[in-house]
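Visitor: what would the 3D arrangement of this be:
(one chain, ligands or ions: 1)
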Amino acid sequence: MSTKQLKECFPGGKILMAPMSALMTTRGRYTDDASAGSVSKSCNGTRTNAHLIVPNRLSMSYFNLVKSLTSAFPNIYSIPRFHHTTSAVCCHSKTRSGEKYTDPFKLGWRDLKGLYEDIRKELLISTKELKEMSEYYFDGKGKAFRPIIVVLMARACNIHHNNSRDVQASQRSIALIAEMIHTASLVHDDVIDDASSRRGKHTVNKIWGEKKAVLAGDLILSAASIALARIGNTTVISILTQVIEDLVRGEFLQLGSKENENERFAHYLEKTFKKTASLIANSCKAVSVLGCPDPVVHEIAYQYGKNVGIAFQLIDDVLDFTSCSDQMGKPTAADLKLGLATGPVLFACQQFPEMNAMIMRRFNLPGDVDRARQYVLQSDGVQQTTYLAQRYCHEAIREISKLRPSRERDALIQLSEIVLTRDK
Ligand code: GRG
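Guide: Numbering: from 1, shown residues only. I've put the predicted structure just below:
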């Protein structure tokens with residue numbers, strides 16, 4: 001990972017300077033302040049580790065490490081109760097802009113009516129089977145998290161720029177394109193992982209086989225590219241084609257592993273950015289470019305999307321340990337089974353160095369997956385990863401708060417909190 005790329009991921013650009021060995025010498029001990037922050041429940045009703053974590057000053061070297069990994073958050077000590085310091089949470093009936101609280105999904109959905117019908121119109125395919133496969137996931141069962149962020153960001157930028165209350169047709173198209181790129185990547189990802197279920201139903205590869213699934217993913221991607229070209233803005237085209245490169249590079253990074261612990265965390269966060277956050281960041285940037293000529297606003301939109309996107313994936317990695325398959329619509333502990341060491345494992349490994357060997361062999365010995373899962377649940381890996389996600393969300397809120405107040409801006413603030421408390 002180059003210095004430039006690191007700075008892209010971490011605004012302070014200091015990650016490689018973090019001595020990972022600090023983790024080896026001092027075990028992480030955090031005060032778990034149950035009165036603050038979010039609590040997520042696992043399927044069996046037990047409380048999991050999503051409380052806000054307040055650092056204990058006795059374990060400063062450990063905390064310094066986490067801090068250096070998140071150098072975007074210089075005032076980390078001044079926000080010990082992050083989850084309760086932001087404004088648009090349930091305890092307030094009014095948002096920062098003074099307007100009445102609105103559910104971000106309801107607010108965003110006003111501009112997304114007919115989203116899936118419109119996507120299906122983009123997938124104009126004469127071959128019956130290919131059409132059926134390509135349309136398979138556009139059934140309204142996904143969260144539509146990306147389109148929602150995109151239209152809210154479009155409105156927030158338009159209002160910031162000239163108080164315009166409308167979403168342009170080209171901006172709405174970005175919401176469709178983002179969902180199509182996302183879906184194409186899911187179809188390909190399931191082939192790579194040989195996955196059998198997603199969103200509570202069989203995967204495309206399971207029903208139609210790998211070869212056809214790859215082609216269906218390609219087809220969705222090509223339809224997205226045609227829709228993108230139709231917008232006719234070369235800046236926006238290059239912003240969104242960067243996403244496709246990042247997705248592929250992110251997936252490639254995931255196929256490799258690092259022996260060195262310093263590199264392992266940087267590798268994980270770079271993969272996280274490329275596989276998940278780049279699409280959200282660049283889609284947000286694209287609608288800001290379409291709605292407002294100011295590069296400062298483009299950067300705000302990008303930074304918001306990047307930070308929310310990283311937090312979203314960190315929580316996804318936590319849910320793989322704390323949720324159950326019914327809730328997720330796909331098997332859990334899936335990452336370990338695929339040989340992947342995500343945030344909770346990397347943090348747990350600092351407390352249980354015996355996990356190192358398992359990470360290196362990608363949990364491929366009998367019993368590795370179960371043992372690693374137990375180590376993670378005994379460690380504070382889940383809390384640490386949740387805490388890291390909170391810092392990214394806080395950074396997202398800091399960025400978006402630079403825009404002029406609006407309901408949409410507040411909904412984006414709220415959405416970043418929903419990312420932290422989501423259970424699927
Ligand atoms: C074909 C563009 C393209 C890329 C090929 C396979 C690959 C390279 C990239 C995989 C990218 C990937 C699947 C990342 C996972 C991102 C993620 C967290 C998905 C889950 O998102 P949710 O929870 O899913 O929003 P729903 O089902 O709600 O849409």
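Visitor: enumerate the residues of the stretch 1-150 of the chain near the ligand.
Guide: Contact residues, the stretch 1-150 of the chain versus the ligand (Cβ under 6 Å from any ligand atom): 142, 143, 145. (C-beta placed from N, C-alpha, C; glycine too.)
Visitor: can you put the residues you listed in a markdown table and add pLDDT?
Guide: Conversion of these to a markdown table gives the following (pLDDT from 0 to 100):
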| residue | pLDDT |
| --- | --- |
| 142 | 93 |
| 143 | 94 |
| 145 | 97 |
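Visitor: most neighbours among these, please name it.
Guide: residue 145 (22 neighbours; other Cβ atoms under 10 Å).
Visitor: re earlier: in strands, which of the residues of the stretch 1-150 of the chain next to the ligand appear?
Guide: Assignment to strands by DSSP state E places none of those there.
Visitor: okay, now residue 285: neighbour count?
Guide: For residue 285, the count of nearby residues is 28 (other Cβ under 10 Å).
Visitor: typo on my end, it should be residue 418
Guide: 19.
Visitor: where does it land in three-state SS?
Guide: Three-state call for residue 418 (DSSP: H, G, I helix; E, B strand; the rest coil): helix.
Visitor: so what's it up against?
Guide: Residue 418 makes contact with residue 104 under the criterion Cβ atoms under 8 Å, 6 or more residues apart in numbering.
Visitor: that one and the ligand, how far apart?
Guide: In this view, residue 418 and the ligand are 12 Å apart by Cβ to the nearest ligand atom, to the nearest Å.
Visitor: do the same with residue 344
Guide: In terms of Cβ to the nearest ligand atom, residue 344 sits 15 Å off from the ligand.
Visitor: give the contact list for the nearest residue to that residue once chain neighbours are set aside.
Guide: Nearest residue to residue 344, sequence neighbours excluded (Cβ to Cβ, 6 or more residues apart in numbering): residue 381, at 3.7 Å. Residue 381 makes contact with 321, 343, 344, 345, 346, 347, 348, 351, according to Cβ under 8 Å, 6+ apart.
Visitor: so of the residues you listed, which ones are in helices?
Guide: Counting by DSSP state H, the contacts of residue 381 place 321, 343, 344, 345, 346, 347, 348, 351 in helices.
Visitor: now, among those residues, which is nearest to residue 311?
Guide: Using Cβ to Cβ, residue 343 comes nearest to residue 311 of these, at 11.0 Å.
Visitor: where along this protein do the strands fall?
Guide: Along the chain, the segments classed as strands by DSSP E run 30-37, 51-55, 197-198, 201-202.
Visitor: do you know how far residue 171 is from residue 138?
Guide: Residue 171 sits 20 Å away from residue 138, going by Cβ to Cβ, to the nearest Å.
Visitor: alright, I will stop here.
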